[in-house]
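Undergrad: For reference, the sequence and a predicted model appear below.
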Amino acid sequence: MFLRNEWYVAAWDHEIDHSLVSRTILGEKIVLYRKQDGTIAALEDACPHRKLPLSMGVLVEDRVQCGYHGMEFDCTGKCVHVPSQDKIPTNVRIRHYPVVEKWNWVWIWMGDVEKADESKIIDIPHFHDADWGINRGPAMDIACHYQYMTDNLVDPSHVSFVHKTSLGNEETIDTPVKTSIDGTYVIVTRWLLGCNLPPFFTPRVKFQGKADRLQHYEVRLPCMAVIKDVIAPAGSGAPEGHLHEDVFLLDSYNFITPVDEDHCRYYWFQVRNFAPNDKITEKELTQDFITAFTEDVVVMEAVHQGMKEKKKKNIDLRIDKGSLQGRKILHKMIITENAQMSGR
């Protein structure tokens, strides 16, 4: 089950041009294209005649022409031309989806059109801050249910094992976490005090010696995650909110778009308070995150398959508190939404 009254990332903005691009989101086939005025349209990817995907057709100006018999649809989904007949049936229409471009992404609203509110799209502090740098990676197609990815993104404990040569090390193994709920946010955090830094961070901090490090994992249901790293010299007061002049700050924004019950698409980027215009740093960080996230993908795809094929019930651990609470909240949200839709 999916939550439909929500904005989901459909593509990076550069992926959509004046051509037909096919996407599957929440199990629905969608065709996207950029109109001649630069705005983006999203339509149901099926001709109502014989259900050929419209993405197999062509664009005629801003109209989508079916590749089977040439029926044409405008950006609202209305049929505006049927070859060989003068009269167009008034009920011939396909679904259109609200679309917004923001933060270099194309966002699509999958639910009730009347409830589409652009203000509900996440805010990204420092995105336009000249003192902060940004690094972006490619979208990653993953053969697993989207909730396994959101479980992973509210779980600091996995870095000690999945990312032992990059984001984690032995010092992150036994430190307990704190879990809290703020509405539809599930937040799992921990401070690692007086620790040695993992290989990923060591060459990038501006100080030497032991560090105090915050791992802040925050899932915003249904499937967005903000992961924050705060790294400061040990004993400099970071846990109390006193940020040293050499503090390392890196916020990772992670967006999981459900494709269907067995697949999802992973979009991500980071903002950082160092090397804002350094292309080498940007390139190296991006590659390091691709390496780390690829480690996640291998594990998540194996977890998905293992859970599908399980012969016995799986167990839960204390570290699963955040993900289990998130799943419970999301389930209630979906049940409520379904009840509202069926009550119309």
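TA: Ah, there it is. Residues are numbered from 1 along each chain as shown.
Undergrad: could you pull out the helices for the protein?
TA: 146-152, 159-162, 279-308, 321-342 (DSSP state H).
Undergrad: so of these, which one's packed in deepest?
TA: helix 146-152 (a mean of 23; mean count of other CB atoms under 10 Å). (C-beta placed from N, C-alpha, C; glycine too.)
Undergrad: packing partners for it?
TA: strand 248-260, strand 263-272, helix 279-308, helix 321-342 (3 or more CB pairs under 8 Å, 6 or more residues apart in numbering; DSSP states H and E).
Undergrad: coming back round to it: right, and the helices of the chain - which one's nearest Leu20?
TA: helix 146-152 (25.1 Å; CB to CB).
Undergrad: List the contacts of the closest residue to Val247 other than its chain neighbours.
TA: Using CB to CB, 6 or more residues apart in numbering and skipping residues adjacent in sequence, the residue nearest Val247 is Ala232, 4.5 Å away. Ala232 makes contact with 211-212, 238, 243-244, 246-248, according to CB atoms under 8 Å, 6 or more residues apart in numbering.
Undergrad: Among the residues you listed, name the ones in strands.
TA: Among the contacts of Ala232, the members falling in strands (DSSP state E) are 211-212, 248.
Undergrad: can you redo the residues you listed as JSON lines with distance to Arg4 and neighbour count?
TA: Output for these, formatted as JSON lines (distance: CB to CB, whole Å; neighbours: other CB atoms under 10 Å):
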{"residue": "Ala211", "distance to Arg4": "43", "neighbour count": "25"}
{"residue": "Asp212", "distance to Arg4": "42", "neighbour count": "21"}
{"residue": "Phe248", "distance to Arg4": "39", "neighbour count": "21"}
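Undergrad: from those, which single one is nearest Thr90?
TA: Once CB to CB is applied, the member of the ones in strands among the contacts of Ala232 that ends up nearest Thr90 is Phe248, at 61.1 Å.
Undergrad: Which strand residues bridge the closest one?
TA: For Phe248, the beta-bridge partners under DSSP bridges are Ile231.
Undergrad: Which pLDDT value goes with the nearest residue to Arg95 once chain neighbours are set aside?
TA: With CB to CB, 6+ apart as the criterion, Arg95 has its nearest non-adjacent residue at 4.1 Å, and that residue is Glu44. In this model, Glu44 is scored at 98, pLDDT.
Undergrad: now swap in Leu54 and tell me
TA: For Leu54, the pLDDT comes out at 98.
Undergrad: How about the one 10 residues further on?
TA: According to the predicted model, the pLDDT of Val64 comes to 98.
Undergrad: got a list of what it touches?
TA: 20, 31, 33, 43, 54, 57-58, 72-73.
Undergrad: most neighbours, which of those?
TA: Neighbour count (other CB atoms under 10 Å) singles out Leu54 as the most crowded of those, with 28 neighbours.
Undergrad: how about low-confidence regions in the stretch 1-150 of the chain?
TA: Within the stretch 1-150 of the chain, no range satisfies pLDDT under 70.
Undergrad: so where do the strands sit in it?
TA: 7-12, 21-25, 28-34, 40-44, 58-60, 63-65, 72-73, 79-81, 99-102, 105-109, 133-136, 140-142 (DSSP state E, counting those that start in this stretch).
Undergrad: Could you dump those strands into JSON lines with distance to Thr184 added?
TA: Formatted as JSON lines, these follow (distance: least, CB to CB, whole Å):
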{"stretch": "strand 7-12", "distance to Thr184": "13"}
{"stretch": "strand 21-25", "distance to Thr184": "20"}
{"stretch": "strand 28-34", "distance to Thr184": "23"}
{"stretch": "strand 40-44", "distance to Thr184": "25"}
{"stretch": "strand 58-60", "distance to Thr184": "38"}
{"stretch": "strand 63-65", "distance to Thr184": "35"}
{"stretch": "strand 72-73", "distance to Thr184": "35"}
{"stretch": "strand 79-81", "distance to Thr184": "38"}
{"stretch": "strand 99-102", "distance to Thr184": "20"}
{"stretch": "strand 105-109", "distance to Thr184": "17"}
{"stretch": "strand 133-136", "distance to Thr184": "26"}
{"stretch": "strand 140-142", "distance to Thr184": "23"}
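Undergrad: Asn91 is nearest to which of the ones you listed?
TA: Using CB to CB, the strands of the stretch 1-150 of the chain put strand 79-81 closest to Asn91, at 9.2 Å.
Undergrad: mind listing what that closest one pairs with, with the direction of each?
TA: Using DSSP bridges, the strands paired with strand 79-81 are strand 72-73 (antiparallel).
Undergrad: separation between the most far-flung residue of the chain relative to its centre and Asp74?
TA: For the chain, the largest distance from the centre (CA atoms, centre = their mean) belongs to Asp86, which lies 45.1 Å off. Distance, Asp86 to Asp74, using CB to CB, to the nearest Å: 18 Å.
Undergrad: And Phe71, how far from Trp12?
TA: Slight slip there: residue 71 is Met, not Phe. As judged by CB to CB, Met71 and Trp12 stand 30 Å apart.
Undergrad: Name the residue in those two with the higher neighbour count.
TA: Met71 (25 against 15).
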